[in-house]
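>>> Sequence first, then the predicted structure, then my questions.
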Amino acid sequence: MSSHRKIAFFDFDGTITTADTMLELIKFRFGKLKFYAGMMMISPTLIGFKAGLVSAKSAKEKLLSYFFKGLDVQEFDELCAYFSKKKLPQLIRKEATGRITQLVSEITPVIVVTASASNWVKFWCAENGLPLLATKLKVINGKLTGELDGPNCNGEEKVNRIRAAYSLEDFEEIQCYGDSPGDKAMLSIATDPYYRRFK
């Protein structure tokens with residue numbers, strides 16, 4: 001493999017999109033009234049997360065458990081597919097997709113690396129021909145448990161996933177795009193890091 005190849009890694013929420021897609025999915029499924037009522041119910045956990053007392057994984061599991069625990073995974077995937085078709089296009093940053101299109105036209109591998117679950121990101125990635133590294137949700141007997149299956153794909157875990165899937169030594173130029181503290185570890189492995197690149 002040539003050592004002059006280029007590769008690019010894109011965060012999803014806030015970088016390619018204008019919003020947190022997990023929260024948008026919940027609003028899409030339950031409506032704003034039930035969404036905000038649920039957020040009030042789990043507010044102690046969310047406050048703890050903001051204060052640095054609760055991990056991102058624990059906060060995410062609390063949120064997923066409240067809204068989706070016990071839901072049949074096939075029904076959930078159907079919801080995610082519908083969300084991806086009806087709502088997600090409104091959240092996509094045109095400048096980000098323009099950059100992705102440019103990179104792909106240059107035969108540059110572009111990979112989406114996200115803390116969001118693969119369930120609702122995989123449809124957009126498949127439609128755009130992009131590989132996906134994402135958080136996985138635990139399923140037992142065909143139903144969501146509300147827990148994550150393995151680590152939350154955020155922070156250092158993004159780098160772990162990238163290194164497990166790609167030999168970065170094979171690439172002379174590594175572009176990384178992110179917008180939050182959870183992307184800083186990923187940005188640190190880039191030869192060309194882009195923080196909040198798109199408006």
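Noted; the coordinates are in hand.
>>> Can you show me the strands along the chain?
5-10, 110-117, 132-135, 137-140, 143-148, 171-178, 192-195 (DSSP state E).
>>> any idea which of these is most buried?
Most buried of the strands of the chain, by mean neighbour count (mean count of other C-beta atoms under 10 Å): strand 110-117, with a mean of 24. No exception for glycine: its C-beta is placed from N, CA and C like everyone else's.
>>> Could you report the separation of residue 193 from residue 111?
Distance, residue 193 to residue 111, by C-beta to C-beta, to the nearest Å: 15 Å.
>>> ignore the last one, residue 179
In terms of C-beta to C-beta, residue 179 sits 16 Å off from residue 111.
>>> do the same with residue 145
Residue 145 is 28 Å from residue 111, by C-beta to C-beta.
>>> returning to that earlier point: dump the strands of the chain into JSON lines; add distance to residue 57 and mean pLDDT as well.
Converted to JSON lines, the strands of the chain look like this (distance: least, C-beta to C-beta, whole Å; pLDDT from 0 to 100):
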{"stretch": "strand 5-10", "distance to residue 57": "21", "mean pLDDT": "96"}
{"stretch": "strand 110-117", "distance to residue 57": "9", "mean pLDDT": "98"}
{"stretch": "strand 132-135", "distance to residue 57": "9", "mean pLDDT": "98"}
{"stretch": "strand 137-140", "distance to residue 57": "12", "mean pLDDT": "98"}
{"stretch": "strand 143-148", "distance to residue 57": "6", "mean pLDDT": "98"}
{"stretch": "strand 171-178", "distance to residue 57": "19", "mean pLDDT": "96"}
{"stretch": "strand 192-195", "distance to residue 57": "23", "mean pLDDT": "96"}
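>>> To residue 49, which of these lies closest?
Judged by C-beta to C-beta, the one of the strands of the chain that comes nearest to residue 49 is strand 110-117, at 12.9 Å.
>>> biggest helix in the chain, by residue count?
For the chain, the helix reaching the highest residue count under DSSP state H is reported as helix 21-41.
>>> And that one, what does it pack against?
Counting contacts by 3 or more C-beta pairs under 8 Å, 6 or more residues apart in numbering; DSSP states H and E, helix 21-41 is packed against helix 56-68, helix 73-86, strand 110-117, helix 118-127.
>>> The same query, at a cut-off of 6 Å, please.
helix 73-86 (3 or more C-beta pairs under 6 Å, 6 or more residues apart in numbering; DSSP states H and E).
>>> Run through who's touching the helix it packs on.
25, 28, 29, 119, 120, 123, 124, 139, 142, 144 (C-beta atoms under 6 Å, 6 or more residues apart in numbering).
>>> Going by neighbour count, list what's buried in it.
73, 76, 79, 80, 83, 84 (16 or more other C-beta atoms under 10 Å).
>>> What separation do you get for the fourth one and residue 113?
By that I understand residue 80. Residue 80 sits 18 Å away from residue 113, taking C-beta to C-beta as the criterion.
>>> Pull out the buried residues from the lowest-mean-pLDDT helix or strand in the chain.
Within the chain, no helix or strand scores below helix 43-50, which has a mean of 92 by mean pLDDT, DSSP states H and E. Neighbour counts over helix 43-50 (16+ other C-beta under 10 Å) mark 45, 49 as buried.
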